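> no sequence on this one, just coordinates:
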């Protein structure tokens, strides 16, 4: 693959990652993700539990959870009238791995290993 083809691949990677990058780029959403990752609970957490751990308002937590869900970073499970949120293990975050891998290959090909 030549330089321009690699750059086009990286451009496509960025386009594919836009929703995820926007979702996880926000500091508040990062704190919510850390709460979800830090829990021992396999079933997920409810909005109230996330609110307690982040000290955010319920509406703020709900808003940020929606952004994370829309980006495919987290999932929601319904249990009766209760909603439980958890990290999507088959998440779109894998797209970031592809992006970083393609950038790394490009950097190695055109800038050598010294600058990486």
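Perfect, thanks for sending it. Keep in mind it's a predicted model, so treat the numbers as computed, not measured.
> pretty sure residue 78 is in a strand, no?
Yes. Counting by DSSP: H, G, I helix; E, B strand; the rest coil, one finds residue 78 located in a strand.
> For the remainder of this discussion, apply numbering that starts at 499.
Shifting the count to begin at 499 puts that one at residue 576.
> Contact partners for it?
residue 582 (CB atoms under 8 Å, 6 or more residues apart in numbering). The C-beta positions use only the backbone N, C-alpha and C, and glycine is treated the same way.
> if I look at it, how far off is residue 508?
39 Å (CB to CB, to the nearest Å).
> I figured residue 573 hits residue 584, correct?
Yes. At 6.0 Å, residue 573 counts as touching residue 584 under the criterion of CB atoms under 8 Å.
> Contacts for the longest helix along the chain next, please.
For the chain, the helix with the greatest residue count under DSSP state H is helix 501-522. Here helix 501-522 makes contact (CB under 8 Å, 6+ apart) with 499, 527-528, 531, 565-566, 568-571, 589-591, 593-594, 596-597, 600-601, 603-604, 607-608.
> buried stuff in stretch 535-546?
Within stretch 535-546, the residues that count as buried by 16 or more other CB atoms under 10 Å are 537, 542-545.
> In TSV, list those along with distance to residue 517, secondary structure and pLDDT.
Below are the buried residues of stretch 535-546 laid out as TSV (distance: CB to CB, whole Å; DSSP: H, G, I helix; E, B strand; the rest coil; pLDDT from 0 to 100):
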residue	distance to residue 517	secondary structure	pLDDT
537	24	coil	84
542	21	coil	93
543	22	strand	96
544	24	coil	96
545	22	helix	97
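> Among the contacts of helix 501-522, name the buried ones.
Those of the contacts of helix 501-522 that meet the buried threshold are 527, 531, 565-566, 569-571, 589-591, 593-594, 597, 600-601, 604, by 16+ other CB under 10 Å.
> Tell me who's in contact with the closest residue to residue 566 other than its chain neighbours.
In space, and not counting its chain neighbours, residue 566 is closest to residue 572: 4.5 Å by CB to CB, 6 or more residues apart in numbering. Listed by CB under 8 Å, 6+ apart, the contact set of residue 572 reads 531, 534, 563, 566, 583-586, 589.
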